[in-house]
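>>> The following block contains a protein sequence and its predicted model.
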Amino acid sequence: MSKPIIVSGVQPTGNLHLGNYLGAVKNWVDLQNSGKYQMYVFIADLHSLTGNMPADQRRRQVIETAAELLAAGIDPKKTTLFVQSQIKEHAELGWIFSCITPIAELERMTQYKDKSQQQEKNMNAGLFTYPVLQAADILLYHGNLVPVGQDQIQHVELTRDIARWFNNRYSAYSADKNKYFPETKHLLTDVPKVMSLLEPEKKMSKSLGAGHVIELADEPDAIKQKLKKAVTETSGGGNAPGVQNLMLLLQKFSTSKTYQKFVTTEKDGSIRYGDLKLATGKAIGEYFTDFRKRRAKLLSNPNQLKKILTSGAKKAESVAKKTMVEVRERVGI
């Protein structure tokens with residue numbers, strides 16, 4: 001039997017941060033190394049066009065994102081790693097899916113409302129329809145599973161609906177009357193949301209500003225300075241969102257002994273938040289030491305990075321082309 005297919009992607013809108021790592025990338029590496037799945041991971045540069053990034057910056061960021069994914073453990077021998085725009089079939093299938101997706105379903109998408117608020121001066125149609133392209137990204141490779149956080153479940157549900165709508169409408173027009181696209185399921189990550197350092201009621205995001213995030217490539221001194229400004233106990237003691245966020249980061253990147261020490265001091269009221277910040281910063285800085293070295297080495301050889309992405313694109317394209325031949329037959333074009 002063939003392995004279940006996992007498809008996921010990341011936008012090249014800035015360096016990877018701790019939220020990206022714990023919410024997605026670390027999970028991809030673990031799933032990849034389990035040997036249980038056929039993995040596709042792509043750099044979603046078409047999705048990034050909905051934002052305000054200049055073209056030259058986008059080109060640089062695609063290369064940097066590739067270097068960071070590889071440095072974090074994505075192995076091109078085990079995972080098909082490629083750039084979305086190099087496979088034209090993504091856009092073609094996205095258009096076909098747009099023609100079967102009711103507008104009312106897109107109006108329900110909560111992330112559209114969030115993204116709209118973040119860029120009120122650039123309200124474009126892509127922001128509205130990107131969940132349809134996201135469905136095409138997944139179903140082009142007949143993805144069975146998509147690793148997501150809680151806030152992305154709605155998009156996987158739409159992908160499943162789109163597969164069902166396509167199957168119901170077009171199966172009768174093919175010699176093969178079976179359902180063509182799988183009804184994709186979400187695969188929840190086991191990490192709660194990583195929150196902003198400065199506004200811990202909000203999810204960590206590059207769009208909030210540099211001080212809100214810790215990037216995987218940040219040097220230890222930069223991490224220390226960011227954590228100095230992190231919000232901790234405004235109210236609620238150890239239940240304050242800022243404290244819980246730092247404790248989560250300490251748990252994920254430090255030793256069990258260090259983490260348990262702060263759990264104990266938090267419970268007995270003797271915790272010093274300055275010490276918590278220092279311990280968390282030290283743990284994060286040390287955890288990503290090898291990542292920073294691998295990243296620098298990869299970025300020093302951009303031609304090698306491009307070869308890896310080209311090789312991944314060839315593998316992805318062979319699957320995408322086959323899918324689109326069969327889709328075109330079904331829809332009559």
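Thanks, I have the structure now.
>>> count of neighbours near the residue nearest to K321 when sequence neighbours are not counted?
For K321, the nearest residue in space outside its immediate sequence neighbours is E89; the separation is 6.5 Å by CB to CB, 6 or more residues apart in numbering. All C-beta spots, glycine's among them, are computed from the backbone N, C-alpha and C. Neighbour count of E89, defined by other CB atoms under 10 Å: 20.
>>> and what of the one 10 residues further on?
One way to gauge burial is a neighbour count; for C99, by other CB under 10 Å, it gives 9.
>>> Got phi/psi on it?
phi -80, psi 0 (degrees, to the nearest 10).
>>> For the residue nearest to K321, give me its contacts.
Residues near E89 by CB atoms under 8 Å, 6 or more residues apart in numbering: 140, 317, 320-321, 323-324.
>>> Closest one of those to T264?
L140 (50.4 Å; CB to CB).
>>> and the closest one, how far is that from A240?
Per CB to CB, to the nearest Å, L140 is found 44 Å from A240.
>>> okay, the contacts of E89 in JSON lines with distance to S270 next?
Listed next are these as JSON lines, based on distance: CB to CB, whole Å:
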{"residue": "L140", "distance to S270": "55"}
{"residue": "E317", "distance to S270": "59"}
{"residue": "A320", "distance to S270": "58"}
{"residue": "K321", "distance to S270": "63"}
{"residue": "T323", "distance to S270": "60"}
{"residue": "M324", "distance to S270": "63"}
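>>> Which one (most neighbours) among the residues you listed?
Neighbour max across those (other CB under 10 Å) = L140, 25 neighbours.
>>> sec struct for V41, please.
Look at V41: counting by DSSP: H, G, I helix; E, B strand; the rest coil, its state is strand.
>>> pLDDT wise, what is it at?
We have a pLDDT of 98 for V41.
>>> same for the helix ranked longest in the chain, what does it pack against?
Looking across the chain with DSSP state H, the single longest helix is helix 302-331. Applying 3 or more CB pairs under 8 Å, 6 or more residues apart in numbering; DSSP states H and E, we find helix 302-331 packed against strand 38-43, helix 55-71, strand 79-83, helix 89-98, helix 153-170, helix 289-299.
>>> now L81, which residues is it bridged with?
Beta-bridge pairing for L81 (DSSP bridges): V41.
>>> Could you tell me how far it is located from D218?
Taking CB to CB, one finds L81 at 23 Å from D218.
>>> Would you mark the buried spots in stretch 162-175?
Residues of stretch 162-175 classed as buried by neighbour count (16 or more other CB atoms under 10 Å): 162-163, 165-167, 170.
>>> ok, and what's touching it?
Everything outside stretch 162-175 that qualifies as a contact, by CB under 8 Å, 6+ apart, is 96-97, 100-101, 132, 135, 139, 177-184, 326, 329-332.
>>> quick check, nearest of the contacts of E89 to S34?
L140 (23.3 Å).
>>> Need phi/psi at that closest one.
phi -60, psi -30.
>>> Kindly report the same for G14.
Taking degrees, to the nearest 10 as the convention, G14 sits at phi 150, psi 170.
>>> Excluding chain neighbours, what is closest to it?
K206 (4.2 Å).
>>> Test my guess that the one you found contacts I214.
No - in this structure, K206 is not within contact of I214 by CB atoms under 8 Å, at 11.2 Å.
>>> Common neighbours of those two, please.
Common neighbours of K206 and I214, using CB under 8 Å, 6+ apart, are H17.
>>> Show me which of these two is the more surrounded one.
Legend: neighbour count by other CB under 10 Å for K206 and I214, higher for I214 (26 against 17).
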